[in-house]
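> just the structure for this:
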Amino acid sequence: MPRCRVYSLEFKLEVAQRLVNGESVSDLHDELGIRRGVLYRWRDVYRKEGAAGLRLTGRPTGVEGAPRDGNTLESARRIAELERKIGQQALDLDFLTRAFKRVKESRPKNTGTGATASTEKSEA
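Sure, this is the predicted structure:
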């Protein structure tokens, strides 16, 4: 069996309908040479989302590690959570930058020549 096969929407729809109508996953696996996990996924997505859901199954072309099978809601939640975290970090960074600027401005400026003062008492 080839590793990365691309199936048309019509083909996936036909197979999903056969599964929903009661055909065995094992029988279709033997007949079509498609992994059982893929067949179960198509069946479940078809039951949940209909034909529109079958358009989203699989990995988009050229996108490695892209979410599969309707994990888009979970991905969207995770993205929103990370964006909130980045926003909070930006606020923290801005606060610290302003705080360091104020500290630097409040320090007395060193206008001396740079020579160290003598620790011995002078006799005058």
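> so where is the chain shaky, pLDDT-wise?
Low-confidence segments of the chain (pLDDT under 70): 1-4, 56-71, 112, 114-124.
> residue ranges of the helices in it, please?
Remark: helices of the chain, listed N- to C-terminal, are 9-20, 25-32, 36-49, 51-55, 72-106; assignment by DSSP state H.
> kindly reformat the ones you listed as TSV containing mean neighbour count.
C-beta coordinates here come from the backbone N, C-alpha and C atoms, glycine included. As requested, the helices of the chain are exported to TSV (neighbours: other CB atoms under 10 Å):
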stretch	mean neighbour count
helix 9-20	16
helix 25-32	14
helix 36-49	17
helix 51-55	15
helix 72-106	10
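> how about a markdown table for these, with distance to residue 113 added?
Rendered in a markdown table, the data for the helices of the chain read as follows (distance: least, CB to CB, whole Å):
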| stretch | distance to residue 113 |
| --- | --- |
| helix 9-20 | 82 |
| helix 25-32 | 88 |
| helix 36-49 | 78 |
| helix 51-55 | 77 |
| helix 72-106 | 22 |
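> ok now stretch 98-105, how far from the chain's centre?
36 Å (CA atoms, centre = their mean, to the nearest Å).
> ok, and what's touching it?
The list of residues contacting stretch 98-105 from outside it, by CB atoms under 8 Å, 6 or more residues apart in numbering, is empty.
> with just CA atoms, put that stretch into PDB.
This file holds the C-alpha atoms of stretch 98-105, laid out as PDB (Å, rounded to 0.1, in the frame of the first residue of the first chain):
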ATOM      1  CA  ARG A  98       9.900  52.200  31.800                       C
ATOM      2  CA  ALA A  99      11.000  51.200  35.400                       C
ATOM      3  CA  PHE A 100      14.700  50.800  34.400                       C
ATOM      4  CA  LYS A 101      14.500  54.100  32.500                       C
ATOM      5  CA  ARG A 102      13.200  55.900  35.700                       C
ATOM      6  CA  VAL A 103      15.900  54.300  37.900                       C
ATOM      7  CA  LYS A 104      18.600  55.300  35.400                       C
ATOM      8  CA  GLU A 105      17.300  58.900  35.300                       C
END
